Every structure is written in C-alpha cells, then in structure tokens.
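Novice: Predicted model, plus sequence, below.
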Amino acid sequence: MSKRGTKPRGEFAELSAQLQGLCMQGKRSNEELRHAKKEAFKKVINYMTLGMDMSGLFPMMTSCANLSPDDIVLKKMMYLYITHYAASTPDLALLAINQLQKDCQDQDPTVRGLALRSLCSLRIPNLLEYVVTPVTVGLDDRHPYVRRTAVMGVLKIWHMNPDIVESQGMLQHVQALLGQDSDPQVMANGLTLLMQVQGVKRVVSNKALMYTLMNRIKEFSDWSQCQVLELVSHYTPENDSEVYDLLNALEDRLAVNNSAVVLGAMKVFLFQTLNMTVTHQQVLERVKEQLKSLIARDDPATAYAVLCHARLLVSRAAMIFESDYMAFYCRSHDPWYVKQLKMEILTLIASSTNVYDIIGELTEYARDISADTARLAVKAVGRIALSVSDVNGIVERLLMFLESGYDHIVAETLIQLKDLLRRYPDLGEVFSMGDIRPANVTDKEARAALVWILGQFAQHIQGAPYLLQPLADGFASEPSVVKLSLLTAAAKLFFSRPAESRKLLGACLAAGLNDSDQDVHDRALLYYRWVHSVTAVTLSSCSSCGAFRPCKV
C-alpha cells in the first residue's frame, strides 16, 4: 500500500472502477458479489483513515450499498463513510440525508438504530431540522436499541443547539422514559443525558427517580451501576431511617464481582453515614472484608486502585485495620507500585500490638533484588520508628542495615537515622559508624545525613573532625546539599572540639565564601561572621581580666 499523499489519483481511479463494476452483478453469485463489495468498502475506509480524500466515491458507495439493503456490515461501513466526510463536505451530508431518513423507517431495528446514530453524528447545525423528527420518533420506537440511540441523539442535539431540545420537549420525553421504560440501558442513557443537561444536584432532587434507580440497579450494566452509585452518593436523605433504607437497598452491591461497582457502593455507604459516628464505624468494619478480597486479586491494576482507596481509609481510621495488617503484605509477583502502596499502608497501621511483626516483614523486603523496593522497605521502617513509642528494637534493625554492605540500603538507612535522631537525640549514644566513611557514601542525601550526624553527635564519635576533613578538602566538587550540611557540621564541631576542628572550619568557610551557589555562600558568610563575633567577645572578656593571650575558642 502506498503512503499518504503518493499516487492518490491511481488509487482513487482503481477504487472508482472497482465500485462501478460492483454496481452490476454480471456472472457472479450474490455471495461473491457481497464479499467483493465488503473488500472494496474496506479499502475505501482504510484509505480514508490514512488521510486520502475519498469523498468523490460517494455515488458509487451509495449505489453498492443500496443494491444490498439487507447487508448490515455494508451499511455500517457506509454510515462510517458518511459521518467522516459530513463536517468537511456538507454537500455530501445533504445528499445522504434522504437515505438516512429512509433507513430510520426500515423494518430492521438494527438498521433503524444505525441510521439514527449516523444521522445524529453528522453534527451540522444547518441540518438539525432533518434530525429532530427521526429522534423524536425514535424515542417511542418499539425496539430498545433504537430508543437508546435516540436518547443519546437528544444529547448530541443539545450540544449543538439547546434551544431546540427545550422547544421540542425532548427532555420531558426522556424523563418520562426514565420512569417507565422497561429497558435498563435506555434508563442509563437517559440518566447520562439528564446529568449533563440539568446537573447532578437537580437530578438527585427528584426523590421518585432516585428510588426507581436504586430499586432497579441490579438490571443495569456494570458501567451504569457505577453511574447510579455516583449519583446516589450526592443524594441527601431526609432522616436516619431513610439512610438505613438506602443502605439496605444497596448492600448486595458490595458483593458483586466488578471492583468498580464495589468501590462505588463503598463510597455511598461512607458518604451517607458521615454524620452518624457509630454507623460510620460499622460501615468501615463492613467494607474492610471487601477491600481485603479485592486487594488479593491477581490483577495489578485493580489491586493498585483498591489500595489507593484503602490508604485513604487507613489514614482516617487506622485502628480498624490494625488486626488485618497481613492483608497488606507484599507478594513476590506484585509490581513495584503495588508494593510501594502496601508498605505505605503498613507504615500507617503499625501500632504497639503489631509493630514487630510488620518490622520483621519489612526487613525481608529490604533484601529484595530491586534496589528501589529495598529502599522503600528501609524507609518504611524509619517512618514506623517515628510513629511508635517503643523504638529501641527498631533502631537495632536500622543499625543492622548499616552492616548490610549494600550501598542503596546503607544510604537509605542513614537518611532515616537522621530523622530518627532528631526526634530522639538520646539515641546518639548508641549510634555506631562501623566502617562507613562519608567519602564512600555516593548518594548525596545520605552523605548529607551522615555529615549532619557527625556534626550533631561529635561528642559520641571520636574521629568526627577527621572523617569530615576529606570532604572539606574536596568542598568544591560536593553537591549543594552536602556543602550546606558540611558547613553546619564544621561550625558545631568548632564550638565543641575547637582544637581538632580549626582546620576543618577554616577550609569549609574559605571554600564556601567562594562558592557559586548563593545559599552556600550566604551560610558560609553567616558562620564566618558568627565565629568572628564570638571570638571577638571572648578576646574582650579575656582582656578585661588582664589576660592578653588569645583564647582557645
């Protein structure tokens, strides 16, 4: 097949000749002729989708389709051809109007529905007068497929000209169908129309309609059930008794196979009981089992969506899920994004009763072959240590991670230890560097964390100034976050261990004052002036006492 824009005339002429030949049966049987027409129509649609102009084939296309009026496939392709060129070639659409209106009165309901859908899809405002009557007639058609198409046709007309819909009373007609039509999909399409035209607030104000939808919700498709449940979540019951009636009517939706319907039903239950504290807690207990069942499914996309909802519920009522923490354990075949959510949830539900079981499980994840998963596990351990009261055992696990020998685990452990030591400074006494050296830590955030620890707890770390000296010598090559942390650590060390830290502080200040990063320069200047002012005050104090020798500070 040639590319777009190459030899369009040859292809057009070939198809034109082929279609003209198909208008005559010749010696071929009806089956052979029908197959040849389908192949020719497929070529036209194919070239059309490639961007070639096939609008000149309209007379031959209509002739071939009209000669086989009982072939639904040919009509579908013909209608696709017409709607494609309707907007760009209004004259072609005008020629097709008579054929479409004729097909709207066909005995076959499938043909009537397809013709009505194509007629409404022309989207030409000047031709709306030809569309209104078939749509109005279609709303009363005896076949549900035609009524479904007619309801959606009203929506298409409303998008082009809302005044026509109002003047012709189409909305009132659709509202009547919602209350009495036997086909659930007609009702679902009508609900879509009303929600877009009138808005959700106005639709939910119709109490009779809401009760009809809830009573017939089992008949709807899964998609339509989700739509009804979303609408019900905005409904405001008059009293608690009505809330209970509503929940009883929808309780079986929590046990269906479709996860979207289950989540939609959960939303209704939770929204409708927000002002009923005791009932709301009972609802949370009720939906917990459904959440666990959905999370256990093998479909990662479903599990991820359900876990997002579960994380929100856990953040609001962690106590309800504390005893079911094992439901959020990671499985070996879970993708990383599912594991990430599960570990976040485990962090939220950790308590004094289950913390060491969860920590033990997370420790296993830290041995995962994936570096990202291992870091997430270490991060979760650190977050749990900040949220529970008994942290001694958790700190031992973190210190054990420092001895793992894996750079990514050591790096994440240092980051978490920094936050933990800020919350519990007394733990600095048990902190052990081991064989870790700042220069050997490649992750910039982890290196900055280690530098902060060395500066903050220098009194417990014997060689802190000497461990930081290599970083000061290569100050210019360090990332900005490490430079800032190194300046702060050097200043702290100078005031706690001045004799050992003079060289370190001098090198950091000299390099920081000449640094191109404005934040680093400003911090170095602040510490320089601060040290200078403190030293001057100390010298003045020594002078007033009769001592003229420089002070060690």
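Specialist: Thanks, I have it. Owing to the predicted nature of the structure, the values given are computational and were not obtained by experimental measurement.
Novice: host element of the residue sitting nearest the centre point of the chain?
Specialist: Centroid-nearest residue in the chain: residue 305, 8.1 Å away (criterion: CA atoms, centre = their mean). Per DSSP states H and E: residue 305 is located in helix 300-316.
Novice: For that helix, buried residues please.
Specialist: Judged by neighbour count (16 or more other CB atoms under 10 Å), helix 300-316 contains these buried residues: 302-304, 306-307, 309-311, 313-314. C-beta here means a position set from N, CA and C on the backbone, and glycine is covered the same way.
Novice: Find the residue ranges of this structure scoring beneath the pLDDT cut-off.
Specialist: Filtered on pLDDT under 70, the chain yields the residue ranges 1-9, 25-28, 67, 430-435, 535-553.
Novice: any idea how far residue 403 is from residue 374?
Specialist: 15 Å (CB to CB, to the nearest Å).
Novice: same check, this time on residue 123
Specialist: Distance, residue 123 to residue 374, by CB to CB: 55 Å.
Novice: These two: which has the busier surroundings?
Specialist: residue 374 (20 against 16; other CB atoms under 10 Å).
Novice: Provide a list of residues in contact with that one.
Specialist: With contacts defined as CB atoms under 8 Å, 6 or more residues apart in numbering, residue 374 is in contact with 365-368, 406, 408-409, 412.
Novice: Tabulate those in JSON lines, adding columns for neighbour count, distance to residue 274 and secondary structure.
Specialist: Listed next are the contacts of residue 374 as JSON lines, based on neighbours: other CB atoms under 10 Å; distance: CB to CB, whole Å; DSSP: H, G, I helix; E, B strand; the rest coil:
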{"residue": "365", "neighbour count": "21", "distance to residue 274": "36", "secondary structure": "helix"}
{"residue": "366", "neighbour count": "24", "distance to residue 274": "39", "secondary structure": "coil"}
{"residue": "367", "neighbour count": "12", "distance to residue 274": "43", "secondary structure": "coil"}
{"residue": "368", "neighbour count": "17", "distance to residue 274": "40", "secondary structure": "coil"}
{"residue": "406", "neighbour count": "15", "distance to residue 274": "47", "secondary structure": "coil"}
{"residue": "408", "neighbour count": "18", "distance to residue 274": "43", "secondary structure": "helix"}
{"residue": "409", "neighbour count": "20", "distance to residue 274": "43", "secondary structure": "helix"}
{"residue": "412", "neighbour count": "27", "distance to residue 274": "39", "secondary structure": "helix"}
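Novice: Mind jotting down where the helices sit in the stretch 101-250 of the chain?
Specialist: Applying DSSP state H, counting those that start in this stretch to the stretch 101-250 of the chain gives helices spanning 109-120, 129-138, 144-160, 162-167, 170-180, 184-197, 200-204, 207-215, 222-232, 240-250.
Novice: Let's have the ones you listed in CSV, adding mean neighbour count.
Specialist: Shown next, in CSV, are the helices of the stretch 101-250 of the chain (neighbours: other CB atoms under 10 Å):
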stretch, mean neighbour count
helix 109-120, 23
helix 129-138, 18
helix 144-160, 22
helix 162-167, 14
helix 170-180, 17
helix 184-197, 21
helix 200-204, 15
helix 207-215, 16
helix 222-232, 19
helix 240-250, 15
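Novice: for those, which one sits closest to residue 478?
Specialist: Set against residue 478 and scored by CB to CB, the helices of the stretch 101-250 of the chain come closest in helix 222-232, at 53.3 Å.
Novice: Thanks a lot, catch you later.
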